[in-house]
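Asker: model this:
(2 chains)
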Amino acid sequence: NAGVMQNPRHLVRRRGQEARLRCSPMKGHSHVYWYRQLPEEGLKFMVYLQKENIIDESGMPKERFSAEFPKEGPSILRIQQVVRGDSAAYFCASSPPGYGYGYTFGSGTRLTVV
Amino acid sequence: SQQGEEDPQALSIQEGENATMNCSYKTSINNLQWYRQNSGRGLVHLILIRSNEREKHSGRLRVTLDTSKKSSSLLITASRAADTASYFCATDRPGGYQKVTFGTGTKLQVIP
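Answerer: Next comes the predicted model:
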């Protein structure tokens, strides 16, 4: 079991470009969560998805950010027209269905906007 | 808004000593979890304690939960240099789904 796989590990984008971050959850996990972490800070919730459904996107900026978890393939966090303030580490976590399970985290994608 | 706040923000101890970190939260919870994050890495789940539990052990870790005070503590006994990391508490809410909110973290340094 390979755990939660995130790619790329590092991503550099110029201002105005698009960033696509991918997350493959652990086998058997149907719940995916995306978090953003700024240096020396905690994790800020962005979005919670199940297959083909967005359950909670209350932490997502209203513009430029979107997420999906299709029936087949990884979950994608997409940031359009990136700005310097989007530079951060983006972590994906997954959990099995049901309640009261800890999350399994990926190693994160470090996005740098230049 | 952040649900949990850890205290202290930073802690430095000698190897072999015990480390205690505290977490306070604001609203009712279903579960409280503790995670560890090594510098530049993802978070690792350490332990989950349910709202009807008061204490839980896992190896050198001991977690307590006081729902009347809305607080939890994480004790690491006989610390090792490898325990150097940031530690976060995370809470979810009853009646809802599994979204978990993280605190701001305690940065622990264990000096060999």
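
Asker: Could you list the low-confidence segments of chain A?
Answerer: In the predicted model of chain A, residues A:1-2, A:99 satisfy pLDDT under 70.

Asker: Now residue A:86: phi and psi?
Answerer: Main-chain dihedrals, residue A:86, degrees, to the nearest 10: phi -80, psi -10.

Asker: now it: how far from chain B?
Answerer: 19 Å (CB to the nearest CB, to the nearest Å). From N, CA and C alone the C-beta is placed, and that goes for glycine too.

Asker: ok, what's across the strand from the spatially most central residue of chain A?
Answerer: In chain A, the C-alpha nearest the mean C-alpha coordinate belongs to residue A:34, at 3.6 Å (CA atoms, centre = their mean). Note on residue A:34: beta-bridge partners residue A:47, residue A:92, judged by DSSP bridges.

Asker: Now that it has come up, it's in contact with residue A:89, right?
Answerer: No: the criterion here is CB atoms under 8 Å, and residue A:34 misses it with residue A:89 at 11.4 Å.

Asker: Burial check on the nearest residue to residue B:87 once chain neighbours are set aside, number of neighbours?
Answerer: Distance criterion CB to CB, 6 or more residues apart in numbering or on different chains; nearest residue to residue B:87, sequence neighbours excluded, is residue B:106 at 5.0 Å. Neighbour count of residue B:106, defined by other CB atoms under 10 Å in any protein chain shown: 23.

Asker: give the contact list for residue B:106.
Answerer: B:6-11, B:21, B:86-88 (CB atoms under 8 Å, 6 or more residues apart in numbering or on different chains).

Asker: Could you measure from the residue nearest to the centre of chain A over to residue B:81?
Answerer: In this view, residue A:34 and residue B:81 are 32 Å apart by CB to CB, to the nearest Å.

Asker: what do you get for residue A:87?
Answerer: As judged by CB to CB, residue A:87 and residue B:81 stand 31 Å apart.

Asker: In terms of neighbours, single out the busier of those two.
Answerer: Taking neighbours as other CB under 10 Å, residue A:87 and residue B:81 compare with residue A:87 leading, 16 against 10.

Asker: is it true that the more buried one touches residue A:79?
Answerer: No: with contacts counted by CB under 8 Å, residue A:87 stays clear of residue A:79, the gap being 10.6 Å.

Asker: Identify the contacts common to the two.
Answerer: Common contact partners of residue A:87 and residue A:79 (CB under 8 Å, 6+ apart): residue A:111.

Asker: got the residue ranges for the strands in chain B?
Answerer: Remark: strands assigned in chain B by DSSP state E are B:4-7, B:10-14, B:19-25, B:31-37, B:43-50, B:55-58, B:61-66, B:71-76, B:85-91, B:101-102, B:106-111.

Asker: how about the second one, does it reach chain A?
Answerer: No: looking at strand B:10-14 against chain A by CB under 8 Å from any CB of the partner chain, there are no contacts, and the closest approach is 10.4 Å.

Asker: Might one say that residue A:6 is in contact with residue A:92?
Answerer: Yes: under the criterion of CB under 8 Å, residue A:6 makes contact with residue A:92 at 5.3 Å.

Asker: more crowded one of these two?
Answerer: When neighbours are counted by other CB under 10 Å, residue A:6 and residue A:92 differ, and residue A:92 comes out ahead with 30 against 24.
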